[in-house]
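Trainee: Provided below are the primary sequence and the corresponding predicted coordinates.
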Amino acid sequence: MALPRALAAVLLLLTAACTARAQVSDAPTAAPPVVVPSVDYYERWANGPNPTGDPGTFPINVWMQDPSGVENGEKLGHAFPKIGVDVGIGLWEDEWWWLRQEGLHQTDWRVYVDPTRVDTVLADTAHARNYVGYLVADEPDMNKVYGDVFNPEMQPSAILKAADAVRAKDPTRPTYINFSPWMGTPTGEIGYGYIEESYEEDMRTYCSAADIASADYYAWTHPDRNHTVGAYAYGEVIDTMRKWCGPDKPLYGFVETGHPHTHGEIIDADQLESAVWNTVLHGATGINYFAHSFYTEGRGEYTSILTRPGITARVTAVNARLKALAPVLNAPNLPGVTAASDNGIPVAVLHKQVDGQRWVLAQTDGDKDNPKSRAAKVELTVPVASGTATVEGENRTVPIVDGKLVDDFGPYSVHVYRF
């Protein structure tokens, strides 16, 4: 979002160790798996966020933060890594840019930079690792019409031209663009105006300008949500963007940590966790937290991820789980697993294989009829006939019988099984 503007969330991951007799079952073939792009994608950028394509890296970012700023007596460039946030998206351009750059150098944090600073970045070879890419635009799909003013520089062809200019000048770092609900939600076409080609082609052109992309829709806190949205809407953003961006592009989940609208609600820790995991279960390959808060009286607060103790603690725990599971999350998603609940609640599933072991991650999902999700008994059909799964952190085991694993889930609960 353009500075200042709005979005964050997670459900506690319960890892599972499981021994199973490697006897392949006759279970039916699962539906096509969720697309998870290869981590090798990052290797094309020598100065990017993951130049070696390390599968042990799961990108966790925060939106538009000043590394020289101070919260709780500590510079933000030091504070964010301590809670597992490794990169800031957007070191924005204004008369204070040099102060932020100085804070970046002092704290050794890493950021995506304003694209007008390409020459500055290229000249600063001593700190090359601190600049991981360029934030080319924020919400161009929405901001091309701001009020009654049309901004042609935000049209898809113009954004692509700007991105290509940055790529030509510095091919060692990726371009990042964050989009609005006009791209990221199933009904985004309704609000989109000044069509250049067609809605579909415009969305594809926009995404071709981004080497890494996201879209913000703060469903838990939206003032017009009318009690019809929940964590499922965050995963729905990833599903929708995948149509426009293709199977190979990293898409990051965008989750708020505070009160991102002047009206609406403030997110709580459980909602945040459920939203983060929902993006991951739908194929997000990174997370971007939106820590800005806005209120009706005009007050703003921009580091809610650090100033709300319950949120700080939950974000820290969620980030640690994501990073611990990075090799699993970055592995290709496989077919062979289906999920069904006893009450019709949808279930999101990922199926992975790492070092000869299979992993199944599952979350009770939601929809417009059940936006808060519901507790359910879930039957997972897995490609192993029998075995015993030990669910870490819950002091219990779950049997695999006739190629099926049955377990109880709370609303938006996440379980992780390994066998």
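Mentor: Okay, I see it.
Trainee: which parts of stretch 170-190 are buried?
Mentor: 170, 172-185, 188 (16 or more other CB atoms under 10 Å). For every residue, glycine as well, the C-beta is placed using N, CA and C.
Trainee: Those in helices, which ones?
Mentor: P181, W182, M183, G184 (DSSP state H).
Trainee: Next up, the contacts around W96.
Mentor: Contact analysis of W96 by CB atoms under 8 Å, 6 or more residues apart in numbering lists D66.
Trainee: actually P140, sorry about that
Mentor: Contacts of P140 by CB under 8 Å, 6+ apart are M154, Q155, P156, I159, I177, F179, Y206.
Trainee: can you check A320 too?
Mentor: Applying CB under 8 Å, 6+ apart, the residues near A320 are G84.
Trainee: just checking, it is part of a helix?
Mentor: Yes: the assignment for A320 by DSSP: H, G, I helix; E, B strand; the rest coil puts it in a helix.
Trainee: quick one: contacts of the helix or strand where V328 lies?
Mentor: Assigned by DSSP states H and E, V328 falls within helix 326-329. Helix 326-329 has contacts (CB under 8 Å, 6+ apart) with 36, 55-58, 280, 285, 322, 350, 352, 354, 359, 361.
Trainee: Show me which of the residues you listed are buried.
Mentor: V36, P55, T57, F58, V280, T285, L322, L350, K352, V354, W359, L361.
Trainee: these two touch, right, the fourth one and N330?
Mentor: Yes: contact status for F58 versus N330: in contact at 6.9 Å, counting by CB atoms under 8 Å.
Trainee: joint contacts of these two?
Mentor: T285.
Trainee: Now for A210, how many residues are close by?
Mentor: By other CB atoms under 10 Å, 26 other residues sit near A210.
Trainee: For it, give me its contacts.
Mentor: A210 touches V136, A163, T175, Y176, I177, C245, K249, counting by CB under 8 Å, 6+ apart.
Trainee: quick one: stretch 312-322 to chain centroid distance?
Mentor: How far stretch 312-322 lies from its chain's middle: 14 Å, per CA atoms, centre = their mean, to the nearest Å.
Trainee: tell me the mean pLDDT over it?
Mentor: The pLDDT scores in stretch 312-322 average 97.
Trainee: Repeat that for stretch 407-415.
Mentor: For stretch 407-415, the mean per-residue pLDDT is 97.
Trainee: What is the end-to-end distance of it?
Mentor: Between the opening and closing residues of stretch 407-415 there is a gap of 9 Å (CA to CA, to the nearest Å).
Trainee: next one: stretch 48-66
Mentor: OK, stretch 48-66 end separation, CA to CA: 20 Å.
Trainee: Okay, buried residues for that stretch please.
Mentor: Result for stretch 48-66 [16+ other CB under 10 Å]: buried residues 48-51, 55, 57-66.
Trainee: What of stretch 157-166?
Mentor: A158, I159, L160, A162, A163, V166.
Trainee: Let's have those in TSV, adding secondary structure, pLDDT and distance to A317.
Mentor: Formatted as TSV, the buried residues of stretch 157-166 follow (DSSP: H, G, I helix; E, B strand; the rest coil; pLDDT from 0 to 100; distance: CB to CB, whole Å):
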residue	secondary structure	pLDDT	distance to A317
A158	helix	98	42
I159	helix	98	37
L160	helix	98	39
A162	helix	98	38
A163	helix	98	36
V166	helix	98	36
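Trainee: Which phi and psi values does the residue nearest to V337 when sequence neighbours are not counted adopt?
Mentor: Nearest in space to V337, with sequence neighbours left out and distances taken as CB to CB, 6 or more residues apart in numbering, is H351 at 4.1 Å. The phi/psi pair for H351 (degrees, to the nearest 10) reads phi -130, psi 120.
Trainee: same deal with V398?
Mentor: phi -130, psi 120.
Trainee: Surely M241 is in contact with Y206?
Mentor: No: assessed by CB under 8 Å, M241 is found out of contact with Y206, at 10.1 Å.
Trainee: Pull up the overlap in contacts between those two.
Mentor: Common neighbours of M241 and Y206, counting by CB under 8 Å, 6+ apart, are F179, M183.
Trainee: Strands - which of the buried residues of stretch 48-66 land there?
Mentor: I60, N61, V62, W63 (DSSP state E).
Trainee: now the residues you listed in a markdown table, with distance to Q271 and pLDDT?
Mentor: Formatted as a markdown table, these follow (distance: CB to CB, whole Å; pLDDT from 0 to 100):
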| residue | distance to Q271 | pLDDT |
| --- | --- | --- |
| I60 | 18 | 98 |
| N61 | 20 | 98 |
| V62 | 18 | 98 |
| W63 | 18 | 98 |
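Trainee: Just give me the closest of those residues to V382.
Mentor: I60 (29.2 Å; CB to CB).
Trainee: That closest one and T316 touch, don't they?
Mentor: No: the criterion here is CB under 8 Å, and I60 misses it with T316 at 10.7 Å.
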